[in-house]
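A.B. asks: heads up, no residue letters with this:
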C-alpha cells in the first residue's frame with residue numbers, strides 16, 4: 001500500500017479511483033468491511049482502491065484537545081489499514097481551513113479532481129464538510145453532478161450491538177478486554193519502549209517486568225491481565241500489571257508486563273502488549289510476602305488462560321513467530 005500525505009504524491013499512481021473515507025479509529029470490524037468493500041468494488045471496475053483518512057483526528061482540532069483517548073495512533077492505524085488490501089492511503093493533514101470547506105468543496109478538490117473518484121463507499125453514519133452536513137443524500141446529489149456513485153455500508157453488529165469506536169473504548173476502559181477481541185478482530189494492544197523503572201520486579205520481588213514508556217492514549221482499567229507480549233516479532237506469554245503499584249505508594253500510571261520464561265535484555269526496544277483477559281483488580285498488599293504470593297498465583301492463572309485454544313493470538317505479520325514458554 002502506498003501511503004501519501006498530499007494529492008501530488010498520488011498523481012502518477014491513481015488514474016480513476018474507488019474511495020472510502022473516514023477516521024478509522026481502531027480499524028474495527030466495521031471499518032474492515034468498509035475497506036474490503038471498497039477494494040472489491042475497485043477491482044471489479046478496474047479502479048484504484050484508496051482509503052482517505054486524517055491526521056490529527058478532526059475532533060482533536062475542532063475540540064481543542066478535549067477529546068477521549070483514541071484507540072489507535074496514526075502509525076498503527078495505517079499499518080492496520082494496509083492489512084485489508086487498499087492500494088493507496090491518503091493521510092490528509094486536518095486543519096481548521098479544511099473544516100470550513102463545504103461538502104462540495106472538499107469532494108471536488110480532494111476526491112474528484114485529486115483522486116479521479118468514480119465510486120465512493122461510506123459508513124452508515126458518515127458525514128463530511130462544514131457542520132457535518134455532507135450526509136449520504138448530499139453526497140449522492142454531488143455524485144450525480146460530478147460523475148461518481150455513492151454506496152453506504154450498513155452498520156456491522158456483534159452481540160446485538162453496533163460495532164463502534166465508542167463501544168470499544170468503553171469496554172477497554174472498563175477492563176473488558178476479552179469482549180473487545182470480537183469487535184476488533186484482534187486483541188487490544190499497546191506499544192512502548194522498554195525503559196528502566198524502579199527495579200523492584202526482579203531484584204525485590206523475583207518477577208522481572210518490562211517497564212514501558214507509554215506512547216498510546218487508551219489503556220485498560222488498572223489491574224492484572226493475561227497478555228501476549230510481542231518482542232522482536234516473537235510472541236511470548238505474559239502477565240501485565242496496569243496501575244500505580246499501590247503497595248509501594250506510587251502516583252504515576254505504569255504498564256509492566258512480566259514475560260514468562262524470558263531472560264533476554266530488551267531495554268531500549270519497542271514491544272507490544274496484547275491484552276487477553278483481566279485477572280483481578282489492582283490492590284494494596286500487606287507487605288512483600290503477600291504481594292509475591294499473589295503474583296505467583298497471577299502467573300499460574302495467566303498460563304492457564306493463555307493455554308486455552310480460544311486465547312490463541314491472531315498474528316498480524318507473516319514473519320511473527322511464537323514462544324509457548
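C.D. replies: Everything's here; your move. This structure is a prediction, so every number in the text was calculated from the model and none was measured. Residues are numbered from 1 along each chain as shown.

A.B. asks: Output the longest helix belonging to the protein.
C.D. replies: helix 288-306 (DSSP state H).

A.B. asks: Give the rounded mean pLDDT of that helix.
C.D. replies: Confidence over helix 288-306 (mean pLDDT, whole number) is 91.

A.B. asks: Which pLDDT value goes with the closest residue to residue 215 other than its chain neighbours?
C.D. replies: Among residues not flanking residue 215 along the chain, residue 192 sits closest, at 5.7 Å (C-beta to C-beta, 6 or more residues apart in numbering). C-beta here means a position set from N, CA and C on the backbone, and glycine is covered the same way. pLDDT, residue 192: 90.

A.B. asks: Contacts only, for residue 192.
C.D. replies: 212, 213, 214, 215, 216, 255, 270, 271, 273 (C-beta atoms under 8 Å, 6 or more residues apart in numbering).

A.B. asks: Could you rerun that using 10 Å?
C.D. replies: 210-216, 255, 257, 269-273 (C-beta atoms under 10 Å, 6 or more residues apart in numbering).

A.B. asks: From residue 2, how far off is residue 33?
C.D. replies: 22 Å (C-beta to C-beta, to the nearest Å).

A.B. asks: in the longest helix of the chain, what's buried?
C.D. replies: For helix 288-306, the neighbour count (16 or more other C-beta atoms under 10 Å) marks 291, 295, 298, 299, 301, 302, 303, 305, 306 as buried.

A.B. asks: Next: stretch 272-288.
C.D. replies: Per 16+ other C-beta under 10 Å, stretch 272-288 contains these buried residues: 272, 273, 274, 275, 276, 277, 278, 279.

A.B. asks: starting at the chain centroid, how far to it?
C.D. replies: Chain-centre distance of stretch 272-288: 22 Å, with C-alpha atoms, centre = their mean, to the nearest Å.

A.B. asks: so which of the contacts of residue 192 is the most crowded?
C.D. replies: residue 257 (29 neighbours; other C-beta atoms under 10 Å).

A.B. asks: so it, which of the three states?
C.D. replies: strand (DSSP: H, G, I helix; E, B strand; the rest coil).

A.B. asks: in the protein, which ranges drop under the pLDDT threshold?
C.D. replies: Counting by pLDDT under 70, the chain contains low-confidence ranges at 65, 197-207, 245-252, 314-325.

A.B. asks: Could you chop it up by domain?
C.D. replies: 2-158, 180-322 (automatic domain parsing).

A.B. asks: would CSV of those domains with distance to residue 166 be doable?
C.D. replies: Below are the domains of the chain laid out as CSV (distance: least, C-beta to C-beta, whole Å):
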stretch, distance to residue 166
domain 2-158, 8
domain 180-322, 11
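
A.B. asks: among those, which is nearest residue 172?
C.D. replies: domain 180-322 (5.4 Å; C-beta to C-beta).

A.B. asks: Can you give the distance of that closest one from its chain's centre?
C.D. replies: The answer for domain 180-322 is 18 Å, by C-alpha atoms, centre = their mean.

A.B. asks: can you check stretch 120-133 too?
C.D. replies: That offset, for stretch 120-133, works out to 21 Å (C-alpha atoms, centre = their mean).

A.B. asks: residues in contact with the closest residue in space to residue 1 that isn't next to it in sequence?
C.D. replies: Spatial nearest neighbour of residue 1, chain neighbours left out: residue 82 (4.2 Å); criterion: C-beta to C-beta, 6+ apart. By C-beta under 10 Å, 6+ apart, residue 82 lies in contact with 1, 2, 3, 27, 35, 51, 89.

A.B. asks: Out of the residues you listed, grab the one that's most surrounded.
C.D. replies: Busiest of the contacts of residue 82 [other C-beta under 10 Å] is residue 51, holding 29 neighbours.

A.B. asks: hang on, isn't that residue packed against residue 32?
C.D. replies: No. Assessed by C-beta atoms under 10 Å, residue 51 is found out of contact with residue 32, at 11.3 Å.

A.B. asks: tell me, what's touching the two both at once?
C.D. replies: 24, 81, 84, 85.

A.B. asks: Most neighbours among the residues you listed, please name it.
C.D. replies: With neighbours taken as other C-beta under 10 Å, the top of those is residue 24, carrying 27 neighbours.

A.B. asks: I'd like the distance between that residue and residue 7.
C.D. replies: 19 Å.

A.B. asks: the helices in the stretch 101-250 of the chain, which residues?
C.D. replies: 103-106, 136-146, 165-173, 177-184 (DSSP state H, counting those that start in this stretch).

A.B. asks: Export those helices as CSV, with columns for mean neighbour count and distance to residue 13.
C.D. replies: Below are the helices of the stretch 101-250 of the chain laid out as CSV (neighbours: other C-beta atoms under 10 Å; distance: least, C-beta to C-beta, whole Å):
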stretch, mean neighbour count, distance to residue 13
helix 103-106, 18, 21
helix 136-146, 16, 21
helix 165-173, 18, 29
helix 177-184, 20, 30
